[in-house]
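> Predicted model, plus sequence, below.
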Amino acid sequence: MRCSIILLLFLLFLVIGNTLSEETSSNENSETNPQDETEIESSKDEDLLELEQHNSDPLFSTKITQAVPETKKTQSKQKRKRKRKRKDKTKKQKKKKKKKEKKKDKETVVDKEKQQRIYELKKRLNQKIKKTFPFHQN
């Protein structure tokens, strides 16, 4: 019994010792890796600069954007946004149509009034002419 407990403790210390040695070796690797990390960061910065230059160049009409993984939530948001835009567009078109119809109605009313006014003026003029020149006929 004592032997098995001692054996288990010995194995436990071995396992703990191995994990500690792995951590120290990974720490040593990470101390040498900061150069690699700075290289990676500098390459990312270069890519971003290149993107900005491309986007600011007036010769290119299309802009390159960074790829962003879309989740279902963002997809559904975009879908709702597009749907809303479509509804707004149709509403605007309907409003424009109504305005045009109202304008046409007003114009027709104004035209009718003008025609009526012209008719009345002609009638008066003809009456005056008949009074002043009874022998003159139109």
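Cool, got the structure. Residues are numbered from 1 along each chain as shown.
> Mean pLDDT per helix and strand in the protein: which one sits at the bottom?
Sorting the helices and strands of the chain by mean pLDDT, DSSP states H and E puts helix 34-56 at the bottom, at a mean of 67.
> any idea whether Pro134 is helix, strand or coil?
Under DSSP: H, G, I helix; E, B strand; the rest coil, Pro134 falls in the coil class.
> where does Pro134 fall, phi/psi-wise?
In terms of degrees, to the nearest 10, the main-chain angles of Pro134 are phi -70, psi -30.
> so how far is Gln127 from it?
Between Pro134 and Gln127 the computed distance is 12 Å (CB to CB, to the nearest Å). (Each C-beta comes from the backbone N, C-alpha and C, glycine too.)
> Now do the buried residues in stretch 72-91.
By neighbour count with 16 or more other CB atoms under 10 Å, stretch 72-91 contains no buried residues.
> Stretch 124-134 too?
When burial is assessed from 16+ other CB under 10 Å, stretch 124-134 yields no buried residues.
> Could I get the average pLDDT for that stretch?
Averaging pLDDT along stretch 124-134 yields 87.
> Run the chain-centre distance for that stretch.
Counting by CA atoms, centre = their mean, to the nearest Å, stretch 124-134 is centred 71 Å from the centre of its parent chain.
> Show me the shaky parts of the protein.
The model of the chain has pLDDT under 70 over residues 25-41, 53-70, 136-138.
> how about it, which residue sits the furthest from its center?
Among residues of the chain, the one most distant from the C-alpha centroid is Phe135; the distance is 79.2 Å, by CA atoms, centre = their mean.
> if I look at that one, how far off is Ser4?
Applying CB to CB, the value for Phe135 to Ser4 is 148 Å.
> Tell me who's in contact with the residue farthest from the centre of the chain.
By CB atoms under 8 Å, 6 or more residues apart in numbering, the contact set of Phe135 is empty.
> distance of it from Glu120?
Applying CB to CB to Phe135 and Glu120 gives a distance of 25 Å.
> again with Glu22
The gap separating Glu22 from Glu120 is 107 Å, by CB to CB.
> and what of Lys98?
33 Å.
> again with Gln75
68 Å.
> can you check Asp88 too?
According to CB to CB, Asp88 and Glu120 sit 48 Å apart.
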